[in-house]
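Trainee: Here's a sequence, model it:
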Amino acid sequence: LGECYWQRGELDSARHVFRAALEHRRCASTLCHLSMLLRTLSSAAGGGSVDALLQESVVLAKEAVRLETTSSRCWAGLGAAHLSLHAHVTSDAEDLHLAHRAFTQAGKTAARDDADIALNHATVQWMLDCPEAALRQYTRAHELDADMATALSFRADLWATLVKIS
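Mentor: Presented below is the predicted three-dimensional model:
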């Protein structure tokens, strides 16, 4: 039901449904959904509410990982939560390192390679000043999903930056 509300753009209703579901039973899937929804809500929020939404997103993602340590989806959600927290609130390198660890674990636990995980991991590696690893991940993301123009665009931007530096 929360997903249906979310798809209809009724984000507050979706949040209410996910919270009610968690009161009934704590499960990783619902925690991941609510964590992702809070990141979505933070993009429309202002002021201090962005900080609170993203902090809660990280807490929920951590709980999801604790419940399902072998779920690549949970690990990728935790990486995305830390990346969002870094980008919009803290600018703290520790959040980038935690995102990197989470995306690394997501890649290890995935049943098959995932283009979105590779793309997000590449972005974190670029921000951590690991350009060779980022180039490999952007290339991998595009190989996994040829329609992923973002991966090629980011790879080209990174390459242009490296050429300029050299």
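Trainee: C-alpha from now on. contacts and neighbour counts both.
Mentor: OK.
Trainee: quick one, strands of the chain?
Mentor: According to DSSP state E, the chain carries no segments that qualify as strands.
Trainee: Need the residues that contact the helix or strand of it with the lowest mean pLDDT.
Mentor: Scoring the helices and strands of the chain by mean pLDDT, DSSP states H and E places helix 149-165 at the bottom, with a mean of 89. Applying CA atoms under 8 Å, 6 or more residues apart in numbering, the contact partners of helix 149-165 are 119, 126, 131, 134-135, 138-139, 141-142.
Trainee: Using CSV, lay out those together with neighbour count, pLDDT and distance to residue 18.
Mentor: Compiled in CSV, those are given as follows (neighbours: other CA atoms under 10 Å; pLDDT from 0 to 100; distance: CA to CA, whole Å):
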residue, neighbour count, pLDDT, distance to residue 18
119, 26, 94, 27
126, 19, 94, 34
131, 19, 93, 38
134, 25, 95, 35
135, 23, 93, 37
138, 28, 94, 33
139, 21, 93, 36
141, 27, 93, 31
142, 20, 92, 33
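Trainee: Put together CSV for those, with distance to residue 14 on each row.
Mentor: What follows is the contacts of helix 149-165, written out as CSV (distance: CA to CA, whole Å):
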residue, distance to residue 14
119, 27
126, 34
131, 38
134, 35
135, 37
138, 33
139, 35
141, 30
142, 32
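Trainee: so where is the protein shaky, pLDDT-wise?
Mentor: Residues of the chain meeting the criterion pLDDT under 70: 46-48.
Trainee: one step back: just the contacts of helix 149-165: which are in helices?
Mentor: 119, 126, 131, 134-135, 138-139, 141-142 (DSSP state H).
Trainee: out of those, who's nearest residue 58?
Mentor: Using CA to CA, residue 119 is the member of those that lies nearest residue 58, at 19.7 Å.
Trainee: Quick check: that closest one touching residue 145?
Mentor: No - counting by CA atoms under 8 Å, no contact exists between residue 119 and residue 145, whose distance comes to 10.3 Å.
Trainee: next one: stretch 153-160 to chain centre, how far?
Mentor: 21 Å (CA atoms, centre = their mean, to the nearest Å).
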